[in-house]
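[1] the sequence and its predicted three-dimensional model are supplied below.
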Amino acid sequence: MYYTASLKGDECNRCGVCILSCPEANAIKLIKLNGKAKEIEICELRCKGCGLCVEMCPQAALEVVQR
Ligand code: SF4
Ligand code: SF4
């Protein structure tokens, strides 16, 4: 069984704490949408589902889900 981090709801304020807390390179990052707005993107292949980002997110905007 595999797990991955996932955004839930609209509470993410793009603070970047999750990116700093993640031990896996490029598993979670900010990407540009429509050339300007930024959004958190999680790479399910790189994410190990450890849940560190979920614990560190000040907005409770992440969860670990089965993939
Ligand atoms: S730590 Fe939470 S609020 Fe901050 S960018 Fe990551 S998901 Fe968004
Ligand atoms: S669950 Fe772990 S590996 Fe996946 S994005 Fe969060 S901190 Fe990184």
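    Done, it's in. Residues are numbered from 1 along each chain as shown. Ligands and ions are numbered 1, 2, ... in the order given.

[2] burial of the closest residue to Glu44 other than its chain neighbours, as a residue count?
    Residue nearest to Glu44 in three dimensions, not counting chain neighbours: Thr4, with 4.5 Å by C-beta to C-beta, 6 or more residues apart in numbering. No exception for glycine: its C-beta is placed from N, CA and C like everyone else's. Residues contacting Thr4 under the criterion other C-beta atoms under 10 Å number 19.

[3] tell me the confidence at Thr4?
    At Thr4, the pLDDT value in this model is 98.

[4] doesn't it belong to a helix?
    No. Per DSSP: H, G, I helix; E, B strand; the rest coil, Thr4 lies outside any helix segment and is strand.

[5] show me the beta-bridge partners of it.
    On the basis of DSSP bridges, Thr4 is bridged to Val65.

[6] ok, it touching Gly49?
    Yes. Contact between Thr4 and Gly49 holds when scored by C-beta atoms under 8 Å: they sit 5.3 Å apart.

[7] now do the shared contacts for the two.
    64, 67 (C-beta atoms under 8 Å, 6 or more residues apart in numbering).

[8] ok, now how distant is the residue nearest to Glu44 from Ala37?
    23 Å (C-beta to C-beta, to the nearest Å).

[9] name the residues of the protein found near ligand 2, please.
    Proximity of the chain to ligand 2, by C-beta under 6 Å from any ligand atom, involves residues 5, 21-22, 24, 27-28, 42, 47-53.

[10] out of those, which are inside strands?
    5, 28, 42 (DSSP state E).

[11] pipe these into TSV and attach neighbour count per row.
    As requested, these are exported to TSV (neighbours: other C-beta atoms under 10 Å):
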residue	neighbour count
Ala5	28
Ile28	23
Ile42	18
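
[12] please report how far the residue of the chain most remote from its centre lies from ligand 1.
    No residue in the chain has its C-alpha farther from the mean C-alpha position than Gly35, which lies at 20.1 Å (C-alpha atoms, centre = their mean). Distance of Gly35 to ligand 1, given as C-beta to the nearest ligand atom, to the nearest Å: 20 Å.
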